[in-house]
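Colleague: Pasted the sequence and its predicted model underneath.
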Amino acid sequence: MPRRPRIHLPGHPLHIVQRGHNRDACFFGEDDYLAYRQWLGEGLKASGCLLHAYVQMTNHVHLLLTPPDSAAAAQLMISLGRRYVQYINKAYRRTGTLWDSRYKSSLVQSDHYLLLCQRYIELNPVRAGMVDDPAHYRWSSYRANGLGQADELLVPHAVYLALDRAAAERQAAYRALFRSELDSATIDDIRLALNQGQPLGTSRFYAAIEQATGQRREIRPRGRPRKPVGDVEVAARQADLDI
């Protein structure tokens with residue numbers, strides 16, 4: 001089966017998910033979460049990617065980041081994944097793969113979908129029934145984005161900063177977004193975009209991406225065969241996209 005195409009555009013947010021092999025656990029104890037965070041921080045600095053939101057679940061990870069160029073996100077994930085797998089295999093005397101194939105990614109239209117995507121990511125522990133409030137989950141960005149807790153991994157996106165000029169009011173405005181649950185259609189859209197490696201955005205966003213890349217980007221219904229296509233990493237200047 002051919003690999004699904006990827007599109008990484010410099011300066012535009014990218015939603016990434018990486019799951020444990022066969023959906024098995026990839027974090028087994030507190031030290032594992034901390035080790036992953038350490039190498040994530042080092043990888044962000046080395047790649048120049050800016051992280052806006054994340055969650056470390058028991059068997060998968062979500063990241064919302066903005067890469068400086070088309071190769072940066074892949075470099076980050078390869079380096080991070082390799083170092084973490086080596087650590088886990090040594091710590092638990094195991095061999096073989098830890099991750100389920102390649103990471104999945106979806107380009108995110110910032111003005112329409114960035115905060116929706118952040119909420120989707122930070123509400124993962126609530127949807128999984130692990131906590132009843134995202135503030136009660138330690139391994140996510142919610143405490144920083146919603147409560148102002150220091151988190152050296154994060155660089156707030158301009159859309160988040162635009163909620164209010166004052167930090168306290170901005171955090172309150174962000175918390176207010178969590179008073180209502182994400183509707184099922186939004187959740188389905190985000191998941192489908194990730195599973196199919198497609199952008200998350202409006203029709204205008206899709207058209208701009210098609211113009212920049214020369215590829216058709218429509219999301220296809222679940223189960224419908226896809227035309228074989230190679231893996232694509234496309235660079236485009238932000239000025240080329242009127243989105």
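Modeller: Ah, there it is.
Colleague: any low-confidence regions in the protein?
Modeller: 1-5, 214-243 (pLDDT under 70).
Colleague: ranges for the strands of it?
Modeller: Along the chain, counting by DSSP state E, strands occupy 14-19, 50-56, 60-66, 104-107.
Colleague: Which among those strands is found nearest to residue 208?
Modeller: strand 104-107 (10.6 Å; Cβ to Cβ). Quick note: C-beta positions are derived from backbone N, CA and C, even for glycine.
Colleague: my read: residue 26 touches residue 88, true?
Modeller: Yes. Residue 26 lies in contact with residue 88 (Cβ atoms under 8 Å); the separation is 7.4 Å.
Colleague: between those two, who's got more neighbours?
Modeller: Remark: of residue 26 and residue 88, residue 26 carries more neighbours, 24 against 18, as counted by other Cβ atoms under 10 Å.
Colleague: if I look at the more buried one, how far off is residue 183?
Modeller: 29 Å (Cβ to Cβ, to the nearest Å).
Colleague: do the same with residue 124
Modeller: 16 Å.
Colleague: more neighbours, those two?
Modeller: residue 124 (20 against 10).
Colleague: In this structure that one contacts residue 57, no?
Modeller: Yes. If you go by Cβ under 8 Å, residue 124 and residue 57 touch, sitting 5.7 Å apart.
Colleague: and the nearest residue to residue 138 once chain neighbours are set aside, how many residues sit next to it?
Modeller: Leaving aside its chain neighbours, residue 138 sits nearest to residue 33 (7.9 Å; criterion: Cβ to Cβ, 6 or more residues apart in numbering). When neighbours are defined as other Cβ under 10 Å, residue 33 has 15 of them.
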